[in-house]
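> this is a predicted model, with the sequence first.
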Amino acid sequence: MNILLVGGGGREHTLAWKIKQSNLCDQLFIAPGNAGTKQFGNNVVISINDFEGLAKFCIANAIKMLIVGPEEPLVKGIYNFFKENPSTVHIEVIGPSKEAAQLEGSKAFAKAFMDRHNIPTAKYKEFNAASYEEGIQYIRNHPLPIVLKADGLASGKGVIICNNHIEALAEFQLMIQHSKFGEAGKRVVIEQFLDGIEVSVFVLTDGKNYVLLPEAKDYKKIGIGDKGPNTGGMGAVSPVPFITAAYMETVTQKIIKPTIEGLQKEALDYKGFVFIGLINVEGEPFVIEYNCRLGDPETEVIIPRIDNDIIEILSATAQQRLNEINIVINKKTAVTVMAVSGGYPNEHETGKIITGLAGSVLDGTIVFHGGTKQEGDKVLTNGGRVLAVTSFGNTIAEAAEQSNYMLEQIHFDGIYYRKDIGYEFR
Ligand code: AMP
Ligand code: GLY
């Protein structure tokens, strides 16, 4: 079948790499893709939010499956757009409906959903302009630290953890009265701070059945030892050493099953990946957030650990036959290290020539592209997060060292990466 993959980051390069290994895939297109995805299919210049353009392309190219990588088109309703249009209704769309994507698109929706289905999460209350004064009182009486969350999508910047009340009050005012996060932040969730280790759990669901995918741990801070500002993710490891089968059983019973049953009970149409951000507080899992897609850079370590044919499992997802699928996860340890542009996550330059890629062939290592673009025979940087170098090994230390070694061969002006990914497990 012909497939269109939507997105253009490291997640999509990894998916393209995996999709191309499937016997079920004829032609693969990626919109808009990057210099890496070109190795596995044809990049097409259509924006991820141009639903009309994507639909037209699908019809013209006999696309049978649309796989949506990023959250934005999902939250904006790409699934509904395809399903409500008679000329695209036959196309299998991997991703939740607009309504179900609210699990990521609205923190207030996600919190209320968890409350309705008794899913463990931090205690919270939501406020808006109408309940502003009440919010002020709530913050004054709240123990420290206090977590403030803009309701809508805010490119990973909408969560603020405050260590004193004055800062929390100021942030709350900025969000509600001065639209700090635009419309996304005019509704604010204020929640209890949970102290523990985070882990990302991934599930693929057809809305009724689900399969568990490998877990991962993401390193969000820019600096060595988890210091400095947050980023989209500087690296990831999978499996996560402290995640035992018994812990996953607890997560399954308390979180995954009630989530999938909740979707079904509320008739929320969901055929896609669910990314559950967990925090482990004294051995008990709590949900920090839901995302309605795979993570980046988590995809770069979890997808290579799945031995199944990806299109076979995605077809089963679209056709609500995931109960027929046995997921086979290999025992390899995978580590990905993200090379970013100098200055990221703040202002940074792009358009720098990347060298050393041609020689970057090493057994047990794959260089996935994030923000890159091809110009003639040159590969240029085209974003903050540029390359995700995934390696496999017997241990986290071995895999991480191999990725670091590979990155020593690659160069672009301003290149930076964390040499300590997986440090607490080495
Ligand atoms: P989110 O955008 O929801 O993923 O939140 C970003 C980050 O903020 C998470 O990865 C956590 O590290 C942190 N965070 C969010 N909510 C809480 C909470 N209730 N307690 C502690 N940390 C939190
Ligand atoms: N790495 C975190 C995310 O994809 O949201």
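Cool, the structure landed. Because the structure is predicted, anything quoted here is derived from the model rather than measured. Residues are numbered from 1 along each chain as shown. Ligands and ions are numbered 1, 2, ... in the order given.
> what's the burial count for the closest residue to ligand 2 within the stretch 101-250 of the chain?
Ligand 2 sits closest to residue 233 of the stretch 101-250 of the chain, with a gap of 3.5 Å, by CB to the nearest ligand atom. Just so you know, the C-beta spots here come from the backbone N, C-alpha and C atoms, and that holds for glycine as well. Using other CB atoms under 10 Å, residue 233 has 24 other residues around it.
> which element is it on?
Secondary structure from DSSP states H and E places residue 233 outside every helix and strand.
> list the contacts of residue 421.
219, 234-237, 335-337, 400, 403 (CB atoms under 8 Å, 6 or more residues apart in numbering).
> count the neighbours of the nearest residue to it once chain neighbours are set aside for me.
Nearest non-adjacent residue to residue 421, counting by CB to CB, 6 or more residues apart in numbering: residue 235, 3.4 Å away. By the criterion of other CB under 10 Å, residue 235 has 28 neighbours.
> pretty sure residue 235 contacts residue 337?
Yes: the pair residue 235 / residue 337 is scored as a contact, 4.8 Å apart, by CB atoms under 8 Å.
> which residues do those two both contact?
Listed as contacting both residue 235 and residue 337 by CB under 8 Å, 6+ apart are 388, 417-418, 421.
> out of the residues you listed, which are inside helices?
The helices, defined by DSSP state H, take in nothing from the shared contacts of residue 235 and residue 337.
> possible to save the residues you listed as a markdown table with pLDDT and distance to ligand 2?
Formatted as a markdown table, the shared contacts of residue 235 and residue 337 follow (pLDDT from 0 to 100; distance: CB to the nearest ligand atom, whole Å):
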| residue | pLDDT | distance to ligand 2 |
| --- | --- | --- |
| 388 | 98 | 11 |
| 417 | 98 | 16 |
| 418 | 98 | 14 |
| 421 | 98 | 13 |
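> mind picking the two most distant members of those?
388 and 418 (12.0 Å; CB to CB).
> which one's more surrounded, the two?
residue 388 (31 against 23).
> beta partners of that one?
Beta-bridge partners recorded for residue 388 (DSSP bridges): residue 338, residue 368.
> residue 407 in helix, strand or coil?
Following DSSP: H, G, I helix; E, B strand; the rest coil, residue 407 is assigned to helix.
> tally of neighbours for it?
21.
> measure it to ligand 1 for me?
As judged by CB to the nearest ligand atom, to the nearest Å, residue 407 and ligand 1 stand 25 Å apart.
> for the residue nearest to residue 337 when sequence neighbours are not counted, give me its contacts.
Leaving aside its chain neighbours, residue 337 sits nearest to residue 403 (4.2 Å; criterion: CB to CB, 6+ apart). Counting by CB under 8 Å, 6+ apart, residue 403 touches 335-337, 365, 389-391, 421.
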